[in-house]
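**Q** Sequence first, predicted model second:
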Amino acid sequence: MSITKESELQGMKLISEVVGTTLRLMREYAKPGMSAKALDDFGGQILNSYGAKSAPRLTYGFPGWTCISVNNEIAHGIPSEDKIFKEGDLINIDVSAELNGFWSDNGGSFVLGQDLHQRQALVDASKRILQKALNNIRGGVRIAEIGRLIETEAKRSGYRVIKNLTGHGIGRSLHEEPHDIANYYDRFNYTRFKKNSVVAVETFISTRTRYAHTMPDGWTLASKDGSFVAQHEHTIVVTDGKPIVLTAANEIF
């Protein structure tokens with residue numbers, strides 16, 4: 001969507017505060033021995049307390065309030081009862097929701113407890129790269145150039161990017177134009193960021209694989225080769241300068 005009046009900005013700020021706060025509280029609540037369903041139910045309670053509706057549940061009938069992916073899972077992980085967290089797991093939580101006709105999306109990966117498997121560096125790289133990407137987004141900048149920046153920074157850190165998962169426009173629905181805010185340079189994408197538009201920008205930084213594959217459950221996207229991927233996502237308003245980070249309440253930085 002494009003912000004055209006103050007009431008729209010306030011509506012986006014409110015739902016973004018909700019999803020950002022939910023993500024932060026879920027991250028703090030996660031403990032070894034807990035099931036993904038228990039963590040998801042906690043997140044669902046928070047969303048419900050604000051009167052917000054889970055976006056994946058509302059839009060796609062997803063079997064959970066939020067998406068929770070663990071270790072070799074990359075995105076859209078089902079928060080099941082038998083998915084039990086262990087010390088040192090790489091966990092990703094993605095929270096998106098609707099409130100009063102406005103939609104917002106955010107996500108973040110983190111290491112649970114002690115970094116037993118040396119995955120914190122991957123998480124830190126994803127955060128750092130997203131922050132640099134956001135600092136370079138403004139009206140008129142080609143989306144492909146931000147993809148180039150993300151891929152270049154990933155390579156510089158010894159990683160790769162996932163090519164078949166992208167950021168997207170958001171605001172009046174979960175996915176809007178532009179649909180392909182990729183993590184690599186797509187020379188055929190001439191679209192530019194537009195001032196006052198709302199977009200969800202996300203990194204998918206990988207230890208090895210470049211593609212996410214759909215698992216038999218029909219939802220979960222995972223690596224086939226044992227790779228690990230860290231994702232971080234903010235919903236922003238594009239301006240002439242640095243963007244307004246609407247989901248800053250998640251405190252991923």
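**A** Yep, it's here. Residues are numbered from 1 along each chain as shown.

**Q** Now for the nearest residue to Asp186 once chain neighbours are set aside, which secondary structure element holds it?
**A** Leaving aside its chain neighbours, Asp186 sits nearest to Ala144 (5.1 Å; criterion: C-beta to C-beta, 6 or more residues apart in numbering). In short, each C-beta sits where N, CA and C put it, glycine included. Ala144 belongs to helix 143-156 when elements are defined using DSSP states H and E.

**Q** isn't the residue nearest to Asp186 right up against Phe193?
**A** No: applying C-beta atoms under 8 Å, one finds Ala144 not in contact with Phe193, separated by 10.8 Å.

**Q** before we move on, what SS does Ala38 have?
**A** Following DSSP: H, G, I helix; E, B strand; the rest coil, Ala38 is assigned to helix.

**Q** neighbours around it, how many?
**A** Ala38 has 18 neighbouring residues, counting by other C-beta atoms under 10 Å.

**Q** got the contact list for it?
**A** By C-beta atoms under 8 Å, 6 or more residues apart in numbering, the contact set of Ala38 is empty.

**Q** and Asp89, how far is that from Asn183?
**A** According to C-beta to C-beta, to the nearest Å, Asp89 and Asn183 sit 23 Å apart.

**Q** Look at those two and report which has more neighbours.
**A** Higher neighbour count among Asp89 and Asn183: Asn183, with 31 against 19, using other C-beta under 10 Å.

**Q** Setting the sequence-adjacent residues aside, check what's closest to that one.
**A** Per C-beta to C-beta, 6+ apart, closest to Asn183 is Val161, 3.9 Å.

**Q** and what of Phe102?
**A** The spatial neighbour of Phe102 that comes closest, neighbours along the chain excluded (C-beta to C-beta, 6+ apart), is Gly11 at 4.1 Å.

**Q** So what's the residue count around that neighbour?
**A** 21.

**Q** can you confirm it is in a strand?
**A** No: per three-state DSSP, Gly11 lies outside any strand segment and is helix.

**Q** Now do the strands in the stretch 151-253 of the chain.
**A** Here the stretch 151-253 of the chain has its strands, by DSSP state E, counting those that start in this stretch, at 160-161, 167-169, 176-181, 198-206, 213-214, 221-222, 229-237, 244-245.

**Q** Please convert those to JSON lines, extending it with distance to Ala36 and mean neighbour count.
**A** Formatted as JSON lines, the strands of the stretch 151-253 of the chain follow (distance: least, C-beta to C-beta, whole Å; neighbours: other C-beta atoms under 10 Å):
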{"stretch": "strand 160-161", "distance to Ala36": "25", "mean neighbour count": "21"}
{"stretch": "strand 167-169", "distance to Ala36": "24", "mean neighbour count": "22"}
{"stretch": "strand 176-181", "distance to Ala36": "27", "mean neighbour count": "16"}
{"stretch": "strand 198-206", "distance to Ala36": "20", "mean neighbour count": "28"}
{"stretch": "strand 213-214", "distance to Ala36": "18", "mean neighbour count": "12"}
{"stretch": "strand 221-222", "distance to Ala36": "14", "mean neighbour count": "21"}
{"stretch": "strand 229-237", "distance to Ala36": "16", "mean neighbour count": "27"}
{"stretch": "strand 244-245", "distance to Ala36": "27", "mean neighbour count": "18"}
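
**Q** Select, out of those, the one closest to Asn48.
**A** The closest of the strands of the stretch 151-253 of the chain to Asn48 is strand 229-237. By C-beta to C-beta, the value is 20.4 Å.
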